[in-house]
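Peer 1: Predicted coordinates and the sequence they were generated for:
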Amino acid sequence: MPFHLQEVADYASSRLDSVLGSLAPEMRSSPFTLNGGLSDTTPKGLNGYSFLNAFNNVYRPTAMDLTSSFGSGSLSQNRAPVAAKPAASAPTSAPMVGTGGNPAVRQLSSLIDTASAETGVPADVLAGIIDIESSGNARAESPMNYANGRAIGTAKGLMQLMDSTASRYGVQDPYNPEQSLRGGARYLSDLYKSYGDWDKAAAAYFGAIDAQGNITGATDAAGTSGNSYVTKFRTARQAYSQPTAASGGPSPASQYSVAFGFNKPYGDAQFSADLVNHRGVDLTMNGKPNNGKYEPVRAFQNGVVAAITNDPNGGNGVIVQMPNGLYTRYFHFDAISPNLAVGSPVIAGATMLGTLGESGSPGFAHVHFEVSKGINGDPQNALIDPRPYMGG
């Protein structure tokens with residue numbers, strides 16, 4: 001189970017309470033942050049769980065000793081104040097259905113859906129965090145965490161909350177599944193409102209995000225870095241994602257807008273002499289930051305995976321052959337679903353193909369979708385309009 005770097009820093013920040021009251025206001029504007037990117041705003045208003053310059057004069061730490069759990073760290077002054085970011089919109093909940101993921105986590109679906117409905121945190125996000133943190137074990141407890149050579153406690157329960165975080169979110173019994181879920185969900189909701197992105201919220205939950213909101217390489221005692229934690233989170237989240245059309249909800253097509261249409265001339269953006277016009281549609285996800293980058297993408301049509309591809313122009317792609325023999329072709333994924341392989345069955349609205357990205361099209365996150373007679377696409381004079389095939 002991952003150690004929570006940010007919560008260890010939170011404990012150290014709480015040690016300032018006894019001296020903050022005596023500080024003049026002008027002495028509270030020179031924050032110190034741990035090298036490695038531990039940063040946020042605590043309930044006490046300390047940017048980045050900061051060590052103030054005045055606190056150096058009182059407590060005189062030379063470095064924060066986290067060697068028992070995290071390796072050594074040093075204090076560096078953050079001389080430029082970090083501009084406050086506007087709060088993101090409240091997240092939207094979605095129930096957890098389907099059959100993927102850890103059975104021990106899936107057994108918690110009722111509690112997860114309740115916490116999701118109360119906080120707006122998607123159920124697949126909550127399930128993914130539980131999967132990584134505790135594998136669904138409500139009695140899970142991390143090894144002892146240390147700050148400045150002092151034992152500061154363990155992370156406990158389904159959501160692996162440190163005592164300080166549990167207290168902040170009203171969790172009286174961290175081993176109570178319902179309390180742990182609600183507290184952890186409220187924490188994740190606050191992180192999402194700060195960063196506007198579930199990957200960044202997960203990184204902040206782990207404690208590997210800097211003052212500018214960038215995911216860092218800070219590692220825990222097990223060697224897990226912020227980037228690898230986020231990769232695990234994406235994979236785990238995919239396993240618990242909700243099928244849409246298959247469960248009676250809206251069709252996958254309703255989630256998207258067409259950013260660049262079918263058979264449109266590339267003009268100055270033409271990248272191949274053989275491709276004068278656009279063979280498909282470029283789709284962006286409605287109401288999602290950065291066009292829906294990293295959001296799950298599900299199939300529009302039933303079929304069987306015919307190929308999983310990667311090339312300079314299309315990036316990461318999945319080609320599915322429909323029962324009628326035509327191919328649906330999806331490109332530019334950030335990552336392909338680890339559950340897919342050539343020959344895998346695909347169900348419209350249910351099968352996740354991957355996460356929306358910009359591979360092969362840096363700077364423009366989207367899904368390119370086209371339909372063709374040939375597995376490698378059709379010539380320009382025989383293009384098939386893909387839009388009628390987006391209805392599931």
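Peer 2: Arrived safely, thanks for sending.
Peer 1: For the stretch 51-200 of the chain, which segments are assigned as helices?
Peer 2: For the stretch 51-200 of the chain, the helices defined by DSSP state H, counting those that start in this stretch occupy 53-59, 103-106, 109-119, 123-133, 163-168, 177-195, 198-206.
Peer 1: and these as CSV, adding mean pLDDT and distance to residue 229?
Peer 2: To be clear about C-beta, it is placed using only N, CA and C from the backbone, and glycine gets the same treatment. Below are those laid out as CSV (pLDDT from 0 to 100; distance: least, Cβ to Cβ, whole Å):
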stretch, mean pLDDT, distance to residue 229
helix 53-59, 28, 30
helix 103-106, 90, 17
helix 109-119, 86, 20
helix 123-133, 93, 7
helix 163-168, 95, 17
helix 177-195, 94, 13
helix 198-206, 92, 5
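Peer 1: Distance to residue 240 and mean neighbour count added to those, as a markdown table?
Peer 2: Supplementary listing: the helices of the stretch 51-200 of the chain in a markdown table, determined by distance: least, Cβ to Cβ, whole Å; neighbours: other Cβ atoms under 10 Å:
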| stretch | distance to residue 240 | mean neighbour count |
| --- | --- | --- |
| helix 53-59 | 42 | 15 |
| helix 103-106 | 7 | 17 |
| helix 109-119 | 8 | 19 |
| helix 123-133 | 4 | 26 |
| helix 163-168 | 23 | 18 |
| helix 177-195 | 14 | 22 |
| helix 198-206 | 13 | 26 |
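Peer 1: Please convert these to CSV, extending it with distance to residue 334.
Peer 2: CSV is the format used below for the helices of the stretch 51-200 of the chain (distance: least, Cβ to Cβ, whole Å):
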stretch, distance to residue 334
helix 53-59, 41
helix 103-106, 23
helix 109-119, 24
helix 123-133, 16
helix 163-168, 30
helix 177-195, 18
helix 198-206, 10
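Peer 1: Nearest to residue 253, out of those?
Peer 2: Comparing the helices of the stretch 51-200 of the chain by their distance to residue 253 (Cβ to Cβ), the top pick is helix 123-133, with 20.4 Å.
Peer 1: could you say what helices and strands that closest one packs with?
Peer 2: Judged by 3 or more Cβ pairs under 8 Å, 6 or more residues apart in numbering; DSSP states H and E, helix 123-133 is in contact with helix 103-106, helix 109-119, helix 177-195, helix 198-206, helix 226-239.
Peer 1: re the thing from before, out of the helices of the stretch 51-200 of the chain, which is closest to residue 241?
Peer 2: Across the helices of the stretch 51-200 of the chain, residue 241 has its closest neighbour in helix 123-133 (4.6 Å, Cβ to Cβ).
Peer 1: Direction-wise, compare the closest one with helix 177-195 and give the angle.
Peer 2: 110 degrees (axes from the mean of the first three to the mean of the last three Cα atoms, to 10 degrees).
Peer 1: Dump the helix or strand containing residue 329 to CSV, keeping only the CA atoms.
Peer 2: Using DSSP states H and E, residue 329 maps to strand 327-336. The C-alpha coordinates for strand 327-336 follow below in CSV (Å, rounded to 0.1, in the frame of the first residue of the first chain):
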residue,chain,number,x,y,z
TYR,A,327,-13.8,-1.9,-39.6
THR,A,328,-14.2,0.8,-37.0
ARG,A,329,-10.9,2.6,-36.4
TYR,A,330,-10.0,4.6,-33.3
PHE,A,331,-6.8,6.6,-32.9
HIS,A,332,-4.7,8.9,-30.7
PHE,A,333,-5.3,7.1,-27.3
ASP,A,334,-3.2,8.1,-24.4
ALA,A,335,-3.2,4.4,-23.4
ILE,A,336,-4.8,1.3,-24.8
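Peer 1: Give me the sheet partners of the next helix or strand after that strand and which way each runs.
Peer 2: As assigned by DSSP H and E, the chain's next helix or strand after strand 327-336 is strand 345-346. Strand 345-346 sits in its sheet next to strand 303-311 (antiparallel), going by DSSP bridges.
Peer 1: Residue 369 versus the residue nearest to residue 278 when sequence neighbours are not counted, what's the distance?
Peer 2: Nearest residue to residue 278 in three dimensions, chain neighbours excluded: residue 264, at 4.7 Å (Cβ to Cβ, 6 or more residues apart in numbering). Note on residue 264: its distance to residue 369, by Cβ to Cβ, to the nearest Å, is 14 Å.
Peer 1: of those two, who's got more company?
Peer 2: residue 369 (25 against 13; other Cβ atoms under 10 Å).
Peer 1: Output the below-cut-off pLDDT ranges for the stretch 251-392 of the chain.
Peer 2: 251, 263, 266-276, 392 (pLDDT under 70).
Peer 1: quick one: which of the helices of the stretch 51-200 of the chain is nearest residue 350?
Peer 2: Nearest to residue 350, of the helices of the stretch 51-200 of the chain and by Cβ to Cβ, is helix 123-133 at 13.5 Å.
Peer 1: got the contact list for residue 157?
Peer 2: Shown in contact with residue 157 (Cβ atoms under 8 Å, 6 or more residues apart in numbering): 134, 138, 139, 140, 166, 171, 174, 175, 176, 177, 179, 180.
Peer 1: Surely residue 262 touches residue 283?
Peer 2: No - using Cβ atoms under 8 Å, residue 262 is not in contact with residue 283, being 11.1 Å away.
Peer 1: domains in this protein, as residue ranges please.
Peer 2: Following automatic domain parsing, one finds the domains of the chain at 1-242, 245-390.
Peer 1: Tabulate the contacts of residue 157 (CSV), appending distance to residue 118.
Peer 2: Below are those laid out as CSV (distance: Cβ to Cβ, whole Å):
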residue, distance to residue 118
134, 20
138, 19
139, 24
140, 23
166, 17
171, 14
174, 18
175, 20
176, 15
177, 14
179, 12
180, 14
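Peer 1: Closest one of those residues to residue 301?
Peer 2: Closest approach to residue 301 among the contacts of residue 157 (Cβ to Cβ): residue 134, at 37.4 Å.
Peer 1: Let me know the pLDDT of the residue nearest to that closest one when sequence neighbours are not counted.
Peer 2: Of all residues not flanking residue 134 in the chain, residue 140 sits nearest, at 3.8 Å (Cβ to Cβ, 6+ apart). Confidence at residue 140, expressed as pLDDT, is 95.
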